[in-house]
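1. The sequence isn't on hand, but the structure is:
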Ligand code: GRF
């Protein structure tokens with residue numbers, strides 16, 4: 001399978017989305033292979049998961065650098081040493097400068113736990129509850145310099161149900177994330193996405209689902 005896209009995943013913590021990408025890439029017909037997992041935190045739990053799966057791991061500890069540019073230069077070199085086609089952010093908790101983002105333009109993707117452009121930033125689940133939305137979800141998008149901005153590749157919606165707190169809602173969204181990220185990465189890796197006027201055109205044979213409605217009529 002030499003024609004698979006090479007993917008480096010950047011994490012900062014638990015790495016459950018990273019694990020979902022590693023799992024998906026085990027399938028013989030998956031169009032990408034995870035060549036390395038890099039973390040800015042030496043104690044990120046996901047590093048153990050990746051190593052146990054036989055994937056190369058590396059740490060670029062941001063606290064060891066005096067400024068963001070030097071950190072990002074080193075991170076860039078570490079990533080580039082694996083010659084990836086695509087770089088996936090999966091719970092990578094450092095803001096990246098335009099200088100870094102532009103070096104990986106249209107090859108850097110991220111997962112965010114909301115239906116963008118709603119609820120950019122942190123605490124998305126608590127803010128969704130506060131806003132009273134009935135559908136919440138997650139988004140995979142190409143990264144642009146502004147925070148949680150960039151052409152949207154794929155989204156998954158989940159209902160907000162009576163009695164939800166932020167943790168319950170986060171768990172429901174996370175389950176959707178684990179399905180969405182491998183799906184979106186496959187589309188990019190297989191060349192089924194094209195960015196036109198900063199929106200993503202996706203080529204898919206799948207039928208569009210019926211309207212997602214919540215609450216449903218009794
Ligand atoms: C996920 O909710 C992801 O959407 C957000 O950070 C969280 C990371 O979780 N960017 P994990 O490390 O993938 O388990």
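-> Yep, that arrived. Please read these numbers as outputs of a predicted model, since none were measured by experiment.
2. alpha carbons only for contacts and neighbour counts from here, please
-> Will do.
3. which residues touch the nearest residue in space to residue 187 that is not next to it in sequence?
-> With CA to CA, 6 or more residues apart in numbering as the criterion, residue 187 has its nearest non-adjacent residue at 6.2 Å, and that residue is residue 193. Under the criterion of CA atoms under 8 Å, 6 or more residues apart in numbering, the contact list for residue 193 reads 153, 187, 200, 201, 202, 203.
4. which of those tops the neighbour count?
-> Comparing the contacts of residue 193 by number of neighbours (other CA atoms under 10 Å), residue 153 comes first, having 26 neighbours.
5. three-state assignment of that one?
-> Under DSSP: H, G, I helix; E, B strand; the rest coil, residue 153 falls in the strand class.
6. Wait, it touches residue 184, no?
-> Yes: using CA atoms under 8 Å, residue 153 is in contact with residue 184, at 6.4 Å.
7. intersection of neighbour lists for the two?
-> When contacts are counted by CA under 8 Å, 6+ apart, residue 153 and residue 184 have residue 140 as shared neighbours.
8. quick one, what contacts the nearest residue in space to residue 135 that is not next to it in sequence?
-> Spatial nearest neighbour of residue 135, chain neighbours left out: residue 159 (4.7 Å); criterion: CA to CA, 6+ apart. For residue 159, the contact set (CA under 8 Å, 6+ apart) comprises 134, 135, 136, 214.
9. If you tally nearby residues, what's the number for the last one?
-> Translated: residue 214. 13.
10. for the ligand, what are the nearby residues on this protein?
-> Listed as neighbours of the ligand in the chain under the rule CA under 6 Å from any ligand atom: 13, 14, 15, 16, 17, 18, 90, 91, 111, 112, 113, 174.
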